[in-house]
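Trainee: My questions are about this predicted structure, shown below with the sequence.
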Amino acid sequence: MIAQIIVDIAAKQTDRIFEYHVPDELTELEVGSRVFVPFGPRKLQGFVVGLTKESHFQGKLKDLLVVVDELPPLTPELVDLSKALADEIFAYRIALLKAMLPRVMRANYRKILTPVSAAAKRLPFFSGDPVDLNKITDNKEIAYIRKLLRSGDAEVEYIVENRARVKTQSCYAAPLAVAQYRKIYEGLRANALKQQQLLMYLIEHSDDFPMLQHDLERAAGVQTGTLTAAVKKGWLKKAATEVYRDPLAEFNEQTSSPVKLRLNQEQEAALQQIKPAIENQQAQTFLLEGVTGSGKTEVYLHAISHALSAGQNALMLVPEISLTPQMVDQVRSRFGSEVAVLHSGLSEGELYDEWRRIRRGEVRVVVGARSAVFAPLTNIGLIVIDEEHEATYKQEDNPRYHARDVAIWRSKYNSCPLVLGSATPSLGSRARAQKGVYQLLQLPKRANQQALPEVQVIDLKKTNFSGTQFDLSNQLVDAIKVRLKRQEQIILMLNRRGFANFMLCRECGYVMQCPNCDLSLTMHKDTGQMQCHYCGYTIPIPQTCPNCQSPQIRFLGTGTQKVEEELQELVPEARILRMDVDTTRRKGSFKKMLDAFGDHEADILLGTQMIAKGLDFPNVTLVGVVNADTGLWLPDYNASERTFELLTQVAGRAGRSAKTGEVLIQTFNPDHYAIKLAQTQDYERFYAYEMKVRHAGNYPPYFYTVLVSVAAKKAENAAKEAFKIKTQLQQNLQRSTIILGPAPSTISRLKNQYYYQILVKYKKEDNLNSLLHQIQASAQKVKKYGLSIYIDNEPEGIM
Ligand SMILES: Nc1ncnc2c1ncn2[C@@H]1O[C@H](COP(=O)(O)OP(=O)(O)OP(=O)(O)O)[C@@H](O)[C@H]1O
Ligand SMILES: [Zn+2]
Ligand SMILES: [Zn+2]
């Protein structure tokens with residue numbers, strides 16, 4: 001038997017199938033397995049993507065070596081998916097195969113330098129610990145090592161480390177018969193109370209064994225010492241047993257009873273459309289467009305129930321941020337232990353455990369964020385994507401996949417419906433529904449018949465501000481005070497973290513910039529540092545201008561930290577929770593904050609866009625947007641769409657229950673259509689208007705787009721290569737196709753790399769995919785400039 005292997009080297013030359021002979025003792029090998037294969041002088045990990053009887057290869061095939069896992073980590077479906085997707089998104093297939101595994105299972109190589117020649121073996125350089133090449137940073141050492149490699153005196157060895165560990169707990173078995181325990185019990189000394197207690201337990205509960213140590217100690221009322229003694233005497237047998245870490249444990253504490261709501265008429269009508277597609281196993285995509293608070297979640301849960309009762313499994317994707325206790329609780333209380341949850345808040349071990357439960361077929365519902373779209377779930381009868389407009393469904397780094405596209409592929413493979421839900425569908429999805437490619441389902445009203453909240457726009461050019469800063473208008477502060485008096489809660493959004501956006505010198509005009517990126521540094525008062533929000537570079541806050549030493553420096557612009565400080569001065573009685581990347585870094589802090597807010601331990605939840613979406617707090621009656629303009633003038637064709645969506649979503653957090661909600665939006669651009677239409681929360685009108693704008697500008701969804709970025713250490717090299725690529729594209733594509741650029745990217749330098757980009761807009765280009773693959777391959781050969789090329793199919797933005 002011959003195995004087709006994708007080896008674990010991410011490079012164009014190795015991005016293809018290599019064949020290996022399967023030794024006789026491994027003939028049960030399955031597609032999706034991980035193996036070790038000899039590859040040149042080294043041993044590499046690889047994935048089996050096919051098995052054949054014969055090979056076209058002329059020479060003698062090498063044997064593959066070791067199968068790493070008990071169960072192939074990837075299903076045949078995922079192996080097929082990796083092939084289709086790699087081609088479409090210009091990723092290496094190995095990058096996708098690895099992206100499908102939980103982080104701990106991705107191989108980690110240690111590169112060790114080993115001496116080959118006898119002379120090298122005697123070098124003092126090799127006398128100590130193994131030489132780990134990943135840890136060597138000294139240039140002299142690097143040069144020395146290169147010399148050794150060139151002369152053949154040393155070579156690089158790759159050592160695979162597997163970090164995945166199964167968690168175990170001690171457990172105890174009862175090896176003797178009950179009659180024997182009884183006999184021992186009768187022979188005990190009268191004062192051996194603990195031993196009597198344990199034996200009595202063994203006699204009465206012999207069927208419960210083996211038991212986990214923790215459970216046994218509690219149930220029998222004994223301590224570890226007694227158990228250890230019992231093992232010595234042969235009454236108990238100790239073993240380690242594998243247990244799963246339960247990421248839901250923390251959620252279980254106060255799980256509410258499962259309330260299954262009666263669907264209202266609109267919800268019911270939507271469900272009735274989805275049900276037949278589940279029953280008839282149709283790969284139909286539905287777009288569930290329902291205003292904020294219309295009860296889309298309830299429709300998903302009913303549909304999932306239906307899939308389960310049809311004997312199938314269900315996959316549900318939600319944005320990371322929606323994996324709140326509320327959502328997890330709801331799903332868990334409906335579907336109990338049959339649910340697996342995958343999100344980045346879990347430890348590596350927890351993720352690994354959840355993933356294995358799915359792979360072993362022990363769960364029927366998977367809920368997770370973006371990467372959960374690769375969950376090894378089989379027999380899928382329904383896929384749901386909540387908040388389908390969210391940009392986070394697109395992975396921004398390699399492999400640049402969009403979870404929605406992957407879900408569509410899996411829906412076809414599994415012949416099952418896909419439900420996309422949103423109050424503000426992406427323009428592309430809504431346009432597809434318009435054309436009948438997706439089936440449109442609408443929920444035009446809030447579930448509990450409440451009205452959408454009243455939205456007021458405050459013109460920052462004309463308003464008066466409270467306090468000394470120019471951030472919070474009198475209207476907004478007054479509205480906050482009213483809510484505080486009524487014991488109601490407030491959500492405030494400012495989509496900018498830190499204290500101030502930049503440092504400006506009033507003497508010389510100097511603005512403090514990141515040395516690695518073309519970005520100004522943000523001031524973080526709490527840590528006393530200036531920080532680059534792209535690469536993480538930090539430097540202490542300066543007292544004087546670094547350029548001219550003048551003390552006349554100012555910190556301008558506003559972030560969440562400054563607003564927090566200001567608010568605390570203006571309304572000292574308010575309890576404020578600030579929620580942004582800086583306050584939610586620690587594991588579990590996100591959930592803790594939302595819990596605390598839900599329990600009304602705080603009055604104001606102030607945060608970046610992470611608080612804008614999906615949250616359902618009945619006591620929130622006021623939503624304030626401190627500055628609606630933060631994303632409005634970004635040089636991106638979808639800036640209006642993003643702004644409209646964000647404002648509509650955050651507005652939708654107000655007045656979701658019995659109490660009426662109000663929304664105040666502060667802006668310098670009250671006449672911009674994205675803001676005006678967000679005021680009426682009228683998605684349909686926004687859609688119609690924005691489609692015209694896109695049509696006039698030849699933008700998606702009227703055109704498909706591909707973004708080609710070229711990066712190099714020197715700007716002129718990036719430009720030179722980009723112009724070459726443009727010529728190649730022009731020669732091979734149709735006239736009607738629009739090729740923009742090359743131009744420096746909006747942020748032209750990031751992490752010391754200069755970026756040039758070309759945007760291709762096209763309606764139909766059958767050869768574009770293969771042309772871009774060629775371009776990618778030949779660009780890889782231009783090694784001299786440290787050049788990289790990135791191809792982003794359907795970019796979420798073009799900055
Ligand atoms: N049939 C129903 N009867 C009464 N209340 C309902 C019903 N369906 C949903 N609700 C309630 O309405 C509220 C909003 O529901 P849900 O959070 O699902 O809205 P949504 O459509 O997901 O909104 P958003 O897009 O803003 O996240 C919830 O508190 C939910 O319990
Ligand atoms: Zn200066
Ligand atoms: Zn930087």
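Mentor: Looks like it came in fine. Everything quoted here is computed from the prediction, not taken from an experiment. Numbering: from 1, shown residues only. Ligands and ions are numbered 1, 2, ... in the order given.
Trainee: Look at residue 645 and report its pLDDT.
Mentor: If you check residue 645, the pLDDT there is 95.
Trainee: That one: what's its closest spatial neighbour, skipping adjacent residues?
Mentor: Closest residue to residue 645 apart from its sequence neighbours, by CB to CB, 6 or more residues apart in numbering: residue 424 at 4.3 Å. Every C-beta, even on glycine, is put in place using the N, C-alpha and C of the backbone.
Trainee: In terms of helix, strand or coil, where does the one you found fall?
Mentor: Secondary structure, DSSP: H, G, I helix; E, B strand; the rest coil: residue 424 is coil.
Trainee: same check, this time on residue 710
Mentor: strand.
Trainee: next one: residue 754
Mentor: Residue 754, by the three-state scheme (three-state DSSP), is strand.
Trainee: about what we covered before: burial of the residue nearest to residue 645, as a residue count?
Mentor: 28 (other CB atoms under 10 Å).
Trainee: if I pick it, what's in contact with it?
Mentor: Contact analysis of residue 424 by CB atoms under 8 Å, 6 or more residues apart in numbering lists 389, 644, 645, 648, 649, 683.
Trainee: So in that sheet, which strands flank the longest strand seen in the chain, and in what orientation?
Mentor: Identified as the longest strand of the chain according to DSSP state E is strand 738-750. Strand partners for strand 738-750, identified by DSSP bridges, are recorded as strand 753-762 (antiparallel).
Trainee: Spell out which parts of the chain neighbour ligand 2.
Mentor: Neighbours of ligand 2 within the chain, by CB under 5 Å from the ion: 505, 507, 508, 510, 545, 547, 548, 550.
Trainee: Now distance to residue 43 and secondary structure too, for the residues you listed, in a markdown table please.
Mentor: Shown next, in a markdown table, are those (distance: CB to CB, whole Å; DSSP: H, G, I helix; E, B strand; the rest coil):
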| residue | distance to residue 43 | secondary structure |
| --- | --- | --- |
| 505 | 57 | strand |
| 507 | 62 | coil |
| 508 | 59 | coil |
| 510 | 54 | coil |
| 545 | 56 | coil |
| 547 | 54 | coil |
| 548 | 59 | coil |
| 550 | 61 | coil |
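Trainee: As JSON lines, these with pLDDT, distance to residue 789 and neighbour count would be great.
Mentor: Output for the residues of the chain next to ligand 2, formatted as JSON lines (pLDDT from 0 to 100; distance: CB to CB, whole Å; neighbours: other CB atoms under 10 Å):
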{"residue": "505", "pLDDT": "91", "distance to residue 789": "38", "neighbour count": "21"}
{"residue": "507", "pLDDT": "90", "distance to residue 789": "43", "neighbour count": "14"}
{"residue": "508", "pLDDT": "89", "distance to residue 789": "39", "neighbour count": "13"}
{"residue": "510", "pLDDT": "90", "distance to residue 789": "35", "neighbour count": "16"}
{"residue": "545", "pLDDT": "93", "distance to residue 789": "39", "neighbour count": "20"}
{"residue": "547", "pLDDT": "91", "distance to residue 789": "36", "neighbour count": "15"}
{"residue": "548", "pLDDT": "93", "distance to residue 789": "41", "neighbour count": "13"}
{"residue": "550", "pLDDT": "93", "distance to residue 789": "44", "neighbour count": "13"}
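Trainee: What is the nearest of those residues to ligand 3?
Mentor: Nearest to ligand 3 out of these is residue 510 (CB to the ion; 17.3 Å).
Trainee: The closest one: what's it in contact with?
Mentor: Contacts of residue 510 by CB under 8 Å, 6+ apart are 504, 545, 546, 547, 548.
Trainee: Equivalent analysis for residue 506, please.
Mentor: Per CB under 8 Å, 6+ apart, neighbours of residue 506: 550, 552, 553, 554.
Trainee: burial measure for the second one, as a count.
Mentor: For residue 552, the count of nearby residues is 12 (other CB under 10 Å).
Trainee: State the distance from the residue nearest to it when sequence neighbours are not counted to ligand 3.
Mentor: In space, and not counting its chain neighbours, residue 552 is closest to residue 506: 4.2 Å by CB to CB, 6+ apart. According to CB to the ion, to the nearest Å, residue 506 stands 24 Å off from ligand 3.
Trainee: rewinding a little: out of the contacts of residue 424, which is nearest to residue 516?
Mentor: residue 645 (31.3 Å; CB to CB).
Trainee: on that earlier part again, and of the contacts of residue 506, the nearest to ligand 3?
Mentor: Distances from ligand 3 to these, taken by CB to the ion, are shortest for residue 553, at 20.1 Å.
Trainee: My understanding was that that closest one contacts residue 503; is that so?
Mentor: Yes: the pair residue 553 / residue 503 is scored as a contact, 5.8 Å apart, by CB atoms under 8 Å.
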